[in-house]
Every structure is written in structure tokens, then in C-alpha cells.
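Chemist: Please find the sequence and the predicted model below.
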Amino acid sequence: MKIEEYKRRGSCRRKPNEWMSAAVTIIVSIVFGFFIGVSFPDISPPKLKLVPSIDTYLGDKNSGRSTQTILNVISLSRDNVSTEAQKLDDPSQIFVPTNPRGAERLPPAIVTSESDFYPRRLYGRPSEDPTFKPKYLVTFTVGYDQKDNIDQAVKKFSDNFTILLFHYDGRTTEWDEFEWSKRAIHISVPKQTKWWYAKRFLHPDIVAPYEFIFIWDEDLGVENFDAEEYIKLVKKHKLEISQPGLDLKSKGLTWHMTKRQEDLEVHKKIKGKPRWCTYPHLPPCAAFVEIMAPVFSRETWRCVWYLIQNDLVHGWGLDFALQKCVEPAYERIGVVDAQWIVHQGVPSLGNQGNEDDGKARWRGVRERCKNEWKMFQDRVYKADEDYYKSIGVENVVPEANWVNMDKVQ
């Protein structure tokens, strides 16, 4: 019995030693793990901004981005990962990814993403500057030779309009003979078209304050036009893209859709030539205005500006694609018949071309116009085709009755 009791007591004495050994092991493990942890930078994976949507670059065949561009994006994004992670982890560094591109380092309250053409004083407090702000914008691309016609046109627009003149002949100061010219905005770059100007100076964030934007040629007769009445009709009929009807006395009448229809306020479609109207709800038989005197709502212009091609300066073919920017186009695009104009067909800008190989100046300009028409049509077709293929859709109905320009002239 004594031996068994001795063994039992010995066993009891060993248990505290075992507990102590286990406790020491645990403490040492914790301390070791702590030192391992502090030996590496604190990385929080959820806060890392990795390569931004690279899969969208690869999958978007319609983006026009080259492989090298995609690789550049990947490279730059990788280089910025650690830097942006530090910004996000450092509350003293401002980085707001929802700000406009390039303004991420600014606090949102100071970001000004839009502007306007309202003149400001050089003195006094900004808050005390004149508060009247025109609601609409009208632009004319002009040469001084057409000054009298422009003078008559401008007088058809009330003080509710900001007047912006794009000068293709470099002559600006001569316009000061007109009182209204002194309060107009003048931009001058020689031998450029209105669509060249529009792409560079009418960015949607610049013209955002204006409810409607008129982008007009210089050779328009406006005897039967009143801008305020025109706006009323556009609003009444909920037109996002429009133009005044063309009087039958106009020169170069090409499209039935834009001819004035008597006894109507507005028309949105016509029964055109059979070979042009395979799809009656599509241009040029509906959802169509010409590029000589279009009027855009602020919202629609934001889309149209992106549609304008940077290198295709004449805008030919653009009128067939405007309907992409509004839905349903055959209800939101129309011609205002109750306010009509006359297209005088003065080839003023056409005469700014060069005399090549003994050809008249206007011939070289016209050839480029036709070439741009075909180029734009091809780009639109390919962009549509690539997009629909990327989402697995085939045999889509065309979005316009594209017309062979050689058969139009």
C-alpha cells in the first residue's frame, strides 16, 4: 500500500511542472509571433486599390485601345498601388477616387467641374458681379464678308442668349461696329470649321449652364424666325434635337425631312424616297436634322460631343448618327415648321481651301467632305459591329438608312 501511495503522490507532484511548461511554451509563442508581425509593413488588402478594371479594357473591343495602351495602364497601376495604399492609410493625405479624373487629391468641396461663357468684372467682389445669366447659347462660324447676314441673325436672338462667334478668317476687331459684338464672345482660328470649334470649345462641362445650344452656319436667312418662339415650340413638343424647317426657296435642298411642312408646328417623320426609307423610323426619314442649323438640349449635347470625331472636321454624316443620343429618337428629334429659315448656300468657308492641281478652292473642300462622310459611316458601322459581337449579339437591324453620298449630289 505504501508503494502505491508513494507513486500516487509522485504523480501529483509532477502535474504542476507540466502545467508550468505548457504556460511557458504558450507565452514564448505569443511573443515570437508578435515580433514576427511587427517586422513586416502593415498591409491591409481590402484597402489596396489594384489595377482598375483591366478586364474591361481587355473586353471592350470598341474602346479603340491598343495592346500597348493596356500594358501601360497595367504598369502605371502597379507602380501606384503602394503609393495609393499609403495615401489611404494616411489620413493626412487627401485622395478622393470619386472626384473627376485628375482631381483626386482635392477635397470635394473645392472641385469645380463646370464652367461657362459668362464674362466677369476685373474689380470688386465676385459675389457682386452681375447676376444675369443667359439661359441659351448660339454659335455662328463666321467670316467678315457675311457680317450683314450675321447681324440680322443675331438680332433674332434675345438677351437670353449668349452669342459666340467662331472666326475662320482671323478678322475679329472689325465686328465692333455692331453694338452686340462688344458683349459677344469671339474665338479666332483661321480656316477651321464649326465642328472643329465645337469639339474644342464646346465641351459639355463648359456649356452646362445653357439649356439649349444652337450651332449654326453663317448663311441662313432668318426673316421668319424668332428664337424665343422657337424655344417654346421645342419645349412643347419635347424635342431634344431639332432645327428650323427649310423654306423651299433654300439652295441645296437635299433631304425631304428638313423641308418645311406648311400648316404644321413640328414634324418628326416624312414619307421619303423608297430607296432611302427601308426603315421608316430611322434617318433620313425620321429622327433626322441637318448639320447646318441644329439645336441641342444640354443633356443630348453631352452625348453628341463625344460622337464628334476629332479629325473629321466637316461633320458630314454626323446627322445620320445623332439619333444614337436620344431615345426614342423618332419622337425626340424633329423639324420646327412654324419657325423656318432659308439656306442661302454661300460657299464662304469652302473658298478657304487651297488651289491644288488647278482645281478651284471649293473642290478640294468638297472632296474632303465626301471622304469624311464615308470614313465616319465606316467608323460608326465598325463600332456598332464590334460592340454587338462583344456581347454575343448578331444580325442587328441598322440604326440608319445610310445613303450613298454620290447619289445625293
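Modeler: Now that the structure is in, tell me what you want to look at.

Chemist: the bottom helix or strand of this protein by mean pLDDT?
Modeler: Across the helices and strands of the chain, mean confidence by mean pLDDT, DSSP states H and E is lowest for helix 54-59: a mean of 40.

Chemist: so where do the strands sit in the stretch 101-250 of the chain?
Modeler: Along the stretch 101-250 of the chain, counting by DSSP state E, counting those that start in this stretch, strands occupy 136-142, 161-167, 185-188, 212-216, 220-221, 241-246.

Chemist: What pLDDT does the model give Phe117?
Modeler: As predicted, Phe117 sits at a pLDDT of 93.

Chemist: Report the contact partners of it.
Modeler: Going by Cβ atoms under 8 Å, 6 or more residues apart in numbering, Phe117 touches 137, 162, 164, 185, 206-207. The way it works is simple: take the backbone N, C-alpha and C, and place the C-beta from them, glycine included.

Chemist: Also Trp216?
Modeler: 138-140, 153, 292-293.

Chemist: Which one of the residues you listed is nearest to Cys369?
Modeler: Taking Cβ to Cβ as the measure, Cys369 lies nearest Met292 of these, at 12.7 Å.

Chemist: Excluding chain neighbours, what is closest to that closest one?
Modeler: Distances taken as Cβ to Cβ, 6 or more residues apart in numbering put Asp217 closest to Met292, at 4.7 Å, once the chain neighbours are dropped.

Chemist: Distance check, Phe140 against Ala103.
Modeler: Note on Phe140: its distance to Ala103, by Cβ to Cβ, to the nearest Å, is 33 Å.

Chemist: how many other residues sit next to the residue nearest to Met292?
Modeler: Look at Asp217: counted by other Cβ atoms under 10 Å, it has 22 neighbours.

Chemist: Tell me how far it lies from Trp180.
Modeler: For Asp217 relative to Trp180 (Cβ to Cβ), the value is 19 Å.

Chemist: now the strands: where do they sit in the stretch 251-400 of the chain?
Modeler: 266-267, 295-297, 333-343.

Chemist: now for the shortest one, which elements pack on it?
Modeler: With contacts defined as 3 or more Cβ pairs under 8 Å, 6 or more residues apart in numbering; DSSP states H and E, the packing partners of strand 266-267 are strand 333-343.

Chemist: Mean neighbour count for the strands of the stretch 251-400 of the chain - can I get that in CSV?
Modeler: Output for the strands of the stretch 251-400 of the chain, formatted as CSV (neighbours: other Cβ atoms under 10 Å):
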stretch, mean neighbour count
strand 266-267, 18
strand 295-297, 25
strand 333-343, 24
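
Chemist: and Trp373, which of those is closest to it?
Modeler: Closest approach to Trp373 among those (Cβ to Cβ): strand 333-343, 18.5 Å.

Chemist: So what are the sheet partners of the closest one and their directions?
Modeler: Using DSSP bridges, strand 333-343 pairs in its sheet with strand 220-221 (antiparallel), strand 241-246 (parallel), strand 266-267 (antiparallel).

Chemist: Could you tell me how far the longest one lies from the centre of the chain?
Modeler: Okay, so that is strand 241-246. Relative to the centre of its chain, strand 241-246 is centred 22 Å away, using Cα atoms, centre = their mean, to the nearest Å.

Chemist: Mind checking the pLDDT average for that strand?
Modeler: Average pLDDT, strand 241-246: 98.

Chemist: relative orientation of that strand and strand 212-216 in degrees?
Modeler: Compare the direction of strand 241-246 with that of strand 212-216 by axes from the mean of the first three to the mean of the last three Cα atoms, to 10 degrees and you get 50 degrees.

Chemist: Output strand 241-246 as CSV, restricted to C-alpha atoms.
Modeler: Written as CSV, here are the backbone C-alpha positions of strand 241-246 (Å, rounded to 0.1, in the frame of the first residue of the first chain):
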residue,chain,number,x,y,z
ILE,A,241,-32.6,67.7,-81.1
SER,A,242,-34.2,70.0,-83.7
GLN,A,243,-33.8,72.5,-86.4
PRO,A,244,-36.0,75.1,-88.1
GLY,A,245,-37.8,74.0,-91.3
LEU,A,246,-36.1,74.9,-94.5
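
Chemist: Run through who's touching it.
Modeler: Identification of contacts with strand 241-246 by Cβ under 8 Å, 6+ apart yields 225, 230, 234, 253, 258-261, 266-267, 289-290, 292-297, 300, 304, 322, 325-326, 332-337, 339-343.

Chemist: what stretches of the stretch 1-150 of the chain score poorly on pLDDT?
Modeler: 1-88 (pLDDT under 70).

Chemist: One more pass at 90, please.
Modeler: 1-92, 130-132 (pLDDT under 90).

Chemist: which phi and psi does Val346 have?
Modeler: Dihedral pair for Val346: phi -80, psi 120, per degrees, to the nearest 10.

Chemist: Hmm, it is touching Asp148, no?
Modeler: No - Val346 is beyond contact range of Asp148, at 11.7 Å (criterion: Cβ atoms under 8 Å).

Chemist: hang on, the earlier thing: out of the strands paired with strand 333-343, which comes closest to Val380?
Modeler: The nearest among these, by Cβ to Cβ, is strand 241-246 at 16.7 Å.
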